[in-house]
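Colleague: When you get a sec, could you give me coordinates for this:
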Amino acid sequence: MIHIVVPSVPLSVNNAYAKKRGGGRVLTKAGKKYKNETKTFIARHYPQLLHFFKPDCQYVVLIEFTFKGREVLMCKGWPGTAKNRHKKLDVSNRTKLFEDAFSDAVGVDDKDNFFIGVGKTWHRDYEATNVWVWNREEERSNPIDDLIKHLKSAPAAQPHGAVPTVP
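Modeller: Numbers count the residues shown, from 1 in each chain. Now for the predicted structure:
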């Protein structure tokens, strides 16, 4: 397992990409800047970990985006004046830009990421992206696959009247 910390969070898809005439999308200037800075940071600060990655292996990836300040994720005035507790910040729409930058930095295509888990949190003093990666083929187990195996062993909830099936 490796753990890398990048001192930033990716832009949302809406800010990182622009639609091309005739279809498709292209990175915006801000998207290119984030991607280049992230690739450079990882290559410069974690060169010894880049040997961990090999092409055509299966990887399990866990990503946590830490946003600076509670107000980024939490609605002011809740409960009371605010309708919702949490702000609308779809963390999964930031994953693709980070995945692309990370893949470029480590030299392994993101098609080899067989599991990706993504979460968000906040800290009052800083923003960061934490990423943990396990190579399924070289590590006997990892906590994500172990958790999934445990969860699959529990009986699945069935809608009223449904007949359970074996996966």
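
Colleague: make it CA atoms for all contacts and neighbour counts henceforth
Modeller: Fine.

Colleague: can you map out the strands along this structure?
Modeller: If you assign secondary structure with DSSP state E, the strands in the chain sit at 2-6, 17-19, 25-27, 59-68, 113-123, 128-135.

Colleague: how about the nearest residue to Gly107 once chain neighbours are set aside, what does it touch?
Modeller: Residue nearest to Gly107 in three dimensions, not counting chain neighbours: Phe53, with 7.5 Å by Cα to Cα, 6 or more residues apart in numbering. Shown here is Phe53, whose contacts under the criterion Cα atoms under 8 Å, 6 or more residues apart in numbering are 106-108, 135.

Colleague: Give me the distance between Val9 and Trp134.
Modeller: 21 Å (Cα to Cα, to the nearest Å).

Colleague: With neighbour numbers in mind, choose between the two.
Modeller: Taking Val9 and Trp134 together and counting by other Cα atoms under 10 Å, Trp134 has the greater number of neighbours (25 against 21).

Colleague: Would you map the helices across the protein?
Modeller: Using DSSP state H, the helices found in the chain span residues 13-16, 29-45, 95-106, 143-153.

Colleague: looking at those, which is buried most?
Modeller: Comparing these on average neighbours per residue, with mean count of other Cα atoms under 10 Å, the densest one is helix 95-106 at a mean of 20.

Colleague: Could you list every helix and strand in contact with that one?
Modeller: The helices and strands touching helix 95-106, judged by 3 or more Cα pairs under 8 Å, 6 or more residues apart in numbering; DSSP states H and E, are helix 13-16, helix 29-45.

Colleague: Select from those helices the stretch with the lowest mean pLDDT.
Modeller: Within the helices and strands packed on helix 95-106, confidence is poorest for helix 13-16, with a mean of 88 (mean pLDDT).

Colleague: Any idea how far that helix is from the middle of the chain?
Modeller: Chain-centre distance of helix 13-16: 15 Å, with Cα atoms, centre = their mean, to the nearest Å.
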